[in-house]
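[1] Predicted structure and sequence below. I'll ask about it afterward.
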Amino acid sequence: MFTSKTSRRARRGTTRRAVAAVIGAAAVMLMLPMTAGAAPVTVIPGLPPVEIPNIPGVPQMPGTPSTPQTTTPTPEPTPSTPETPKGPAIPNVKTSTGWIALADDATHQITWWHNGNQVKTMPISMGSDKHPTPNGVYYTKESYRDMYMDSSTYGVPVDSAEGYRTYVEYATRMSWDGIFIHAAPWSVEQQGRSNVSHGCINVSTANGKWVFDTIPRDTPIVVRGTIGPDYIPGS
């Protein structure tokens, strides 16, 4: 009789411990969030194997494999190449106004710089082979909104084969012997291509106005590459 009671008590104790283990395992499973990846298997004595997922930030049990974190290296910036300034080099001449110009017969262009920065380029037509524009450094003088250009002022009669009396606009004097940079709408077709003037620098009406409105007196204008002689400053 004593043996029977003792056996029943032992069986009840074993049953209680098994139930407690089941309840404990179920509580652990409910408290852990579900994850999509594979999880390690934890074995509890007397119960089937239970999968416990990995939780970010929670240390894993010894022997549990961990997923290595990979980082993408930041690419090194590619060094940029500075742009080469377009157009001709600025002439090495003194300027009291900050402005410098270069009239180049090779390109039939005049380029303007202000304080070392290229500002504007415009097509031109300079003196023809019969009347080439002399090469050298000119300095702008007075400007005229409009005027008549008369060949008789430098010894060629108006009624001669080479004479003329022409109305022009936006004329800026470059020399005392009659060389100007001025608007010449009649030679726009030749500007940027060939030389057809009597020695002046011909530009379009819009460009002549820009020079008239923008360029101050005593600004150097360098003429380069013509078949003409050297300019004598002050002439």
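    Yep, it's here. Numbering: from 1, shown residues only.

[2] was I right about residue 113 contacting residue 97?
    No: Residue 113 is not in contact with residue 97 according to Cβ atoms under 8 Å; the separation is 11.0 Å. In this view, the C-beta of every residue, glycine as well, is placed from N, C-alpha and C.

[3] how much space between residue 119 and residue 215?
    Per Cβ to Cβ, to the nearest Å, residue 119 is found 10 Å from residue 215.

[4] So these two - more neighbours on which side?
    A count of neighbours by other Cβ atoms under 10 Å puts residue 215 above the other of residue 119 and residue 215, at 19 against 13.

[5] List the contacts of the closest residue to residue 158 other than its chain neighbours.
    On the basis of Cβ to Cβ, 6 or more residues apart in numbering, the spatially nearest residue to residue 158 that is not a chain neighbour turns out to be residue 165, at 4.9 Å. Residue 165 makes contacts with 148, 149, 150, 151, 152, 158, as judged by Cβ atoms under 8 Å, 6 or more residues apart in numbering.

[6] quick check, nearest of those to residue 141?
    Nearest to residue 141 among these: residue 149, at 14.9 Å, using Cβ to Cβ.

[7] Distance of residue 203 relative to residue 143?
    13 Å.

[8] Looking at the two, which one has more neighbours?
    It is residue 203, of residue 203 and residue 143, that has more neighbours when counted by other Cβ under 10 Å, with 27 against 19.

[9] on that earlier part again, what is the residue nearest to residue 158 paired to in the beta sheet?
    Listed by DSSP bridges, the beta-bridge partners for residue 165 are residue 150.

[10] just to revisit the earlier point, okay, residue 113 and residue 97: which has more neighbours?
    Comparing residue 113 with residue 97 by other Cβ under 10 Å, the one with more neighbours is residue 113, at 20 against 15.

[11] That one should be in a helix, yeah?
    No: read with DSSP: H, G, I helix; E, B strand; the rest coil, residue 113 is strand and lies in no helix.

[12] Distance of it relative to residue 138?
    15 Å.

[13] now swap in residue 125 and tell me
    Distance of residue 125 to residue 138, given as Cβ to Cβ: 17 Å.

[14] Okay then, goodbye and thanks.
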